[in-house]
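Peer 1: sequence below, structure please.
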Amino acid sequence: MKHINIQLKQSRGFTLLEALLGFLILSIGMLGIASLQAVSLKAGKTSVYGSVAMMKVEELFESMRANPSAIALAAYTTAGAGANNGCAGGATSCTPAALAVEDVFWWRTNLAAGLPGTVGTGIGTSIVLIPAVAPSNMATMTIAVTWSERSKDNIGSVNKGFTSVTNICTGVPC
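Peer 2: The predicted model follows:
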């Protein structure tokens, strides 16, 4: 039987070199995962803002459906920043127009809590009414919300927006 004599002097450090290369490849992979996580968080935040805008627009549409007179719908479009008229909770007897102005006030307040910026500077809102034309009693309401958020490439900001249109019945029959 023939014995093979392996000299360890020639292979010293080879295992250490393999370990260092493996660690380098692993660290590059971990950096890639970390950057992917950062991109994912930014995209998730954009998605949350879009969802908040959509829910708040639908919330205002529901307020309009609960207060559907032609006078109230016109008040929604001209309310501007709105005002707290004390209509909520039934403590004060309010006209449909006063309730519409208060609905816009609370809607804009809640919108500012869910989107980056403040209403009027970073957040823009628009409410447009197309009145019902006889013989129909269906008015068309359009609500648009815009906001600015940080760009994914960290250079400035990007304007985002959500617009929705619905029909609201202002009288019977529709």
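Peer 1: Thr92 is in contact with Asn85, isn't it?
Peer 2: Yes - assessed by C-beta atoms under 8 Å, Thr92 is found in contact with Asn85 at 6.8 Å. Using the backbone N, CA and C atoms, a C-beta is placed for each residue, glycine as well.
Peer 1: more neighbours: the two, which one.
Peer 2: Asn85 (17 against 12; other C-beta atoms under 10 Å).
Peer 1: how about the more buried one, secondary structure?
Peer 2: coil (DSSP: H, G, I helix; E, B strand; the rest coil).
Peer 1: show me what contacts it?
Peer 2: Shown in contact with Asn85 (C-beta atoms under 8 Å, 6 or more residues apart in numbering): Thr92, Cys94, Ala98, Leu99, Val101, Glu102, Phe105.
Peer 1: 10 Å instead, please
Peer 2: Thr92, Cys94, Thr95, Ala97, Ala98, Leu99, Ala100, Val101, Glu102, Asp103, Phe105 (C-beta atoms under 10 Å, 6 or more residues apart in numbering).
Peer 1: what's the distance between it and Thr125?
Peer 2: Using C-beta to C-beta, to the nearest Å, we find Asn85 at a distance of 19 Å from Thr125.
Peer 1: dump the residue contacts of the residue nearest the centre of the chain.
Peer 2: When C-alpha atoms, centre = their mean is applied to the chain, the residue found nearest the centroid is Tyr49 (1.8 Å). Taking C-beta under 10 Å, 6+ apart, we find Tyr49 in contact with Gly114, Leu115, Pro116, Val145, Trp147, Glu149, Lys160, Phe162.
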